[in-house]
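Novice: Generate coordinates for the sequence data below:
(chains A and B)
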Amino acid sequence: GEDVEQSLFLSVREGDSSVINCTYTDSSSTYLYWYKQEPGAGLQLLTYIFSNMDMKQDQRLTVLLNKKDKHLSLRIADTQTGDSAIYFCAERHSSASKIIFGSGTRLSIRP
Amino acid sequence: DTEVTQTPKHLVMGMTNKKSLKCEQHMGHRAMYWYKQKAKKPPELMFVYSYEKLSINESVPSRFSPECPNSSLLNLHLHALQPEDSALYLCASSQGEGTETQYFGPGTRLLVL
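Specialist: Okay, here's the model as predicted:
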């Protein structure tokens, strides 16, 4: 079946790196996403990675994929107060419309 | 321009009211989606339109009626809703159904009294 799991909360000191982890169960997932949702707002696509990639870097964001363990992580370098949000991991098959979301990780930043 | 717009931003309605949510994109995307998000939960897919035709209905109750008048617009007509239908309703679009990136709008926060 399809299932995406994330821890619910993460607290990080400003300036440190944040690492948000995600596991998924469907080995045929082709696209893996990270979305950011600020309070009262819609979802902002942060980045995505194809299942044939191990890593993708985009400015402060680094996505690591371990396909064997079905583990995805998002690292945010130099975490800022503006990074406070809920981060959703999601997966999708190559020909499917439906995105399967994790429950979201609430990232809080402490001074 | 990767913007999906939604109106209204907030909506309060009674259980006997009829209202509509609107979504618009001008990215030339041919697939559009409605999602429902309850508080502290991830979004759940409701409907998918592909080339202005309903492609997927995730067993949504008939009190929710989607409509795609053209390739840029997607509506969600609401009638006889229940208080448990209160949620954030998100619209999204992508180049085609099954293409990699869905772009989301800011959502309409709906309260049913």
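
Novice: can we go C-alpha only for contacts and neighbour counts from here?
Specialist: Noted.

Novice: name the element the residue nearest to A:Thr47 when sequence neighbours are not counted belongs to?
Specialist: Spatial nearest neighbour of A:Thr47, chain neighbours left out: A:Trp34 (5.5 Å); criterion: C-alpha to C-alpha, 6 or more residues apart in numbering or on different chains. Assigned by DSSP states H and E, A:Trp34 belongs to strand A:31-37.

Novice: ends of stretch A:37-51, how far apart?
Specialist: Length of stretch A:37-51, first residue to last, C-alpha to C-alpha, to the nearest Å: 23 Å.

Novice: mind listing what's buried in that stretch?
Specialist: Residues A:Gln37, A:Ala41, A:Gly42, A:Leu43, A:Gln44, A:Leu45, A:Thr47, A:Tyr48, A:Ile49, A:Phe50, A:Ser51 are the ones in stretch A:37-51 that count as buried (16 or more other C-alpha atoms under 10 Å in any protein chain shown).

Novice: One more: stretch B:13-27?
Specialist: Neighbour counts using 16+ other C-alpha under 10 Å place B:Met13, B:Ser20, B:Leu21, B:Lys22, B:Cys23, B:Glu24, B:Gln25 of stretch B:13-27 among the buried residues.

Novice: sorry, back to before: who's in contact with the residue nearest to A:Thr47?
Specialist: Going by C-alpha atoms under 8 Å, 6 or more residues apart in numbering or on different chains, A:Trp34 touches A:Leu45, A:Leu46, A:Thr47, A:Tyr48, A:Leu74, A:Tyr87, A:Phe88, A:Cys89, A:Ala90.

Novice: Where does A:Thr23 sit: helix, strand or coil?
Specialist: Reduced to three states with DSSP: H, G, I helix; E, B strand; the rest coil, the structure at A:Thr23 is strand.
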